[in-house]
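Chemist: got a predicted structure here, sequence first:
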Amino acid sequence: MDLIGATAAWLSDPAHWQGANGIPSRLFEHVALSGGSLALATLVALPLGLWIGHTGRISWLVVTSANAWRALPSFAVIGLLVPFTTVLDANLGFTLYPTLVAMVVLAGPPILVNAYQGVADVDTDLVEAARAMGMKERQILLGVEMPIALPVLATGIRSAAVQVIATATLGSAFGFGGLGRFIVLGDANKDNGELFGGVVLVAALALTTLGLFLLLERRLVSAGLARRTAG
Amino acid sequence: MMADEAGRAGHGSGSRTGAVSLEFRGVTKRYGHSAQARGAVNDLSLEVPAGAICVLVGPSGCGKTTSLKMVNRLIEPTAGQILLDGVNVLTEDVTELRRRIGYVIQHVGLFPHLTVGRNVAVVPALVGWSKERQLARADELLSLVGLDPAGYRSRYPFQLSGGERQRVGVARALAADPPLMLMDEPFAAVDPIVRERLQDEFLRLQRDLAKTILFVTHDIDEAIKMGDLIAVMEEGGRLAQFGPPDEILAHPASDFVARFVGADRGLKRLSLVTIADLELAPIAASAPPGLPTFSPSTKLRDALSVLLAADSRGGVALDEEGQPCGFVTVDAIASALAEDRQPAATRSGGVTRQGATGVGAAAGDDS
Ligand SMILES: Nc1ncnc2c1ncn2[C@@H]1O[C@H](COP(=O)(O)OP(=O)(O)O)[C@@H](O)[C@H]1O
Ligand SMILES: [Mg+2]
């Protein structure tokens, strides 16, 4: 059977769409863990990046280390974590924990760096004008710098989301669930339909996520920032 | 909005217009910590009475912006005091202080993500006005600066021309009716024709509003046009001269000031005086027909230019109704330069004289 036919056949087999090992439950695992780690990473990295961008404090240190961290391959991060997480729990320490930690720590840097850059790049005259009008620092950050930095900031979160989805897939090599399971099993069982079915599902999830984020950005970013010609 | 006459009459009386007096008392600013650091502003003392426009003018880097920003505490002085109605700004809550001071800068600093209406309403929103009142105020101010609210309130800044942005910037600074306005080269970024129109409109507005205004420019012509009082600053942040425009032009206190105001300072003085201020000769019965005519508001500088161009020794002054009321000669115009005039009646006379006295700077002690 050819590759496309095999993949289509695997995907359309109703048996693969049910049960704990079926596509919906793997998809759920993948989305839940990706969403959870993205939320966690955002919760930490976003305020930190905004604050560093606003104050300019320790920016050199943080941005440099975040960029270095970013250069690490996901696979290596997961592998490096295993010796530490297995100390916590012999079983989960080999599957869930390293992947989860890797997802969070790998999602953080793009969010942090972009939040920092977006805010730091806001015209200083504008910030000073806001201050001169009697805005408090928090009002300047949330009411001026953040909305203006939003396109840059959103790009960071968007790439973190895609990163997280990819990392979750890699985690399957370490026994973590999610859509990557199909790729690992398909490879082990020499079942190309399953292997490429998994690839298609991961790609579809990544693209859907990308699309949803872009839609959200279009809604949230002020029309005043979209440099369209005067209407 | 205050009636026209009330605004005019209010010149110099802070209580009625809500304007405040502004005083710099021995203000010095040094950037950096070393005692050797060159001062950006050096022992600046001057007094601006309520309702007057004081222009800080001088070459680039002489400390104008620094002086301005110390008033709303964007920069803290190294020494000295700045007083609003006698109260040191350093003793006030900085946020409260800033919300009472309008601020207009060269590149306007309009918020690109907010509509024009919301830009104008920033300070009213900050001080907690109701949404309706904010919107009504924004519309009122847009009309005031000559922008039709219906056409402009929902636009974004990128959809405006440079001149329109400056108007919105002025409207925004006026939003909470601040008694003091700080304006840092507000009209420098637009072309000369638009600049002139904005200046004229702003002066017209100011006749009604009678705010106290500290206005920064590097352009001596703008300073002469806008200022009730002019503070000429020189390198190192020193005050070179302080006084009404005519005094600065007639009696420059130093070579620096003379050079800065330019060799054509005599002509510049003529642009401070109008036909209406001139002592007119009666129209001789023998006057030939077809002489140039001048309305009362014609500046002497323009009248002179017309007479020279027409190769005519004289022209006819018209009254408000357009009836001939006197004879204007080149000699009469020239003699206007000879006198030490009190500031013209159309300027805020009381204010200006009050402001020029009691200031221990280079001004005033050369006569
Ligand atoms: N933040 C700053 N740090 C150090 N020096 C400054 C700073 N701002 C201004 N200066 C210096 O102070 C002097 C006065 O600057 P400024 O007040 O901006 O002048 P102006 O507005 O008259 O052009 C200049 O020599 C300038 O280089
Ligand atoms: Mg300046």
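Modeler: Perfect, I can see it now. Numbers count the residues shown, from 1 in each chain, chains lettered A, B, ... in the order given. Ligands and ions are numbered 1, 2, ... in the order given.
Chemist: run a quick neighbour tally on the residue of chain A found nearest ligand 1.
Modeler: Taking C-beta to the nearest ligand atom as the measure, the point where chain A comes nearest ligand 1 is A:Thr124, at 10.6 Å. The way it works is simple: take the backbone N, C-alpha and C, and place the C-beta from them, glycine included. The number of residues packed near A:Thr124 is 10, by other C-beta atoms under 10 Å in any protein chain shown.
Chemist: one more: B:His113?
Modeler: By other C-beta under 10 Å, the residues close to B:His113 number 21.
Chemist: how close does B:Ser67 get to ligand 1?
Modeler: B:Ser67 is 7 Å from ligand 1, where distance means C-beta to the nearest ligand atom, to the nearest Å.
Chemist: all helices of chain A, in order?
Modeler: A:3-12, A:23-55, A:59-71, A:74-88, A:96-120, A:124-132, A:137-140, A:146-171, A:180-188, A:192-220 (DSSP state H).
Chemist: so where is chain A shaky, pLDDT-wise?
Modeler: A:1, A:227-231 (pLDDT under 70).
Chemist: could I get the contacting residues of the spatially most central residue of it?
Modeler: Among the residues of chain A, the one closest to the centroid is A:Ala161, at 2.2 Å (C-alpha atoms, centre = their mean). By C-beta atoms under 8 Å, 6 or more residues apart in numbering or on different chains, A:Ala161 lies in contact with A:34, A:38, A:107, A:209-210, A:213.
Chemist: return the residues of the stretch 151-300 of chain B in contact with chain A.
Modeler: Within the stretch 151-300 of chain B, the positions adjacent to chain A are B:155-159, B:172, B:182 by C-beta under 8 Å from any C-beta of the partner chain.
Chemist: grab the most central residue of chain B for me.
Modeler: B:Met226 (3.3 Å).
Chemist: how near is it to A:Leu61?
Modeler: The gap separating B:Met226 from A:Leu61 is 48 Å, by C-beta to C-beta, to the nearest Å.
Chemist: swap in B:Asp319?
Modeler: Between B:Asp319 and A:Leu61 the distance is 75 Å, computed by C-beta to C-beta.
Chemist: same check on A:Leu141?
Modeler: A:Leu141 sits 20 Å away from A:Leu61, going by C-beta to C-beta.
Chemist: again with B:Lys64
Modeler: 37 Å.
Chemist: of those two, which one has the most company?
Modeler: Counted by other C-beta under 10 Å, B:Lys64 and A:Leu61 do not tie: B:Lys64 has more neighbours, with 26 against 10.
Chemist: pLDDT score assigned to the more buried one?
Modeler: On pLDDT, B:Lys64 comes in at 96.
Chemist: residues in contact with it?
Modeler: B:56-58, B:184, B:216-218, B:233.
Chemist: now with 7 Å, please.
Modeler: B:56, B:58, B:216, B:233 (C-beta atoms under 7 Å, 6 or more residues apart in numbering or on different chains).
Chemist: turn the residues you listed into CSV, including secondary structure, neighbour count and distance to ligand 1.
Modeler: Output for these, formatted as CSV (DSSP: H, G, I helix; E, B strand; the rest coil; neighbours: other C-beta atoms under 10 Å in any protein chain shown; distance: C-beta to the nearest ligand atom, whole Å):
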residue, secondary structure, neighbour count, distance to ligand 1
B:Leu56, strand, 27, 8
B:Gly58, coil, 26, 6
B:Val216, strand, 28, 6
B:Met233, strand, 25, 7
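Chemist: what about the longest helix anywhere in chain B, distance to the chain center?
Modeler: For chain B, the longest helix by residue count, based on DSSP H, is helix B:192-209. Centroid separation between helix B:192-209 and its chain, computed with C-alpha atoms, centre = their mean, to the nearest Å, is 9 Å.
Chemist: can you point out the buried residues in it?
Modeler: Buried residues in helix B:192-209, counted by 16 or more other C-beta atoms under 10 Å in any protein chain shown: B:194-195, B:198-199, B:202, B:205-206, B:208-209.
Chemist: how many neighbours does residue 84 have?
Modeler: As the question left the chain open, I've gone with chain A. A:Phe84 has 12 neighbours, counted by other C-beta under 10 Å.
Chemist: not quite, go with chain B.
Modeler: Using other C-beta under 10 Å, B:Leu84 has 20 other residues around it.
Chemist: for it, give the beta-bridge partners.
Modeler: Beta-bridge partners recorded for B:Leu84 (DSSP bridges): B:Leu22, B:Val87.
Chemist: that one and B:Phe24, how far apart?
Modeler: Separation of B:Leu84 from B:Phe24 (C-beta to C-beta): 11 Å.
Chemist: same check, this time on A:Leu207
Modeler: For A:Leu207, the distance to B:Phe24 - C-beta to C-beta - is 63 Å.
Chemist: of those two, which one has the most company?
Modeler: B:Phe24 (25 against 12).
Chemist: in this structure that one contacts B:Leu44, no?
Modeler: Yes - counting by C-beta atoms under 7 Å, B:Leu44 is a contact partner of B:Phe24 at 4.8 Å.
Chemist: quick check: residues of chain B near ligand 1?
Modeler: Residues of chain B lying close to ligand 1 (C-beta under 6 Å from any ligand atom) are B:31, B:40, B:58, B:60-66.
Chemist: go with 5 Å
Modeler: Residues of chain B lying close to ligand 1 (C-beta under 5 Å from any ligand atom) are B:31, B:40, B:60-66.
Chemist: just the buried residues from these, in ChimeraX please.
Modeler: Those of the residues of chain B next to ligand 1 that count as buried under 16+ other C-beta under 10 Å are selected in ChimeraX with:
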select /B:40,62,63,64,65,66
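Chemist: quick one: is the host helix or strand of B:Arg133 near chain A?
Modeler: Element membership for B:Arg133, per DSSP states H and E: helix B:131-144. No - applying C-beta under 7 Å from any C-beta of the partner chain, one finds helix B:131-144 separated from chain A by no less than 14.0 Å.
Chemist: relative orientation of that helix and helix B:192-209 in degrees?
Modeler: 120 degrees (axes from the mean of the first three to the mean of the last three C-alpha atoms, to 10 degrees).
Chemist: thanks a lot, catch you later.
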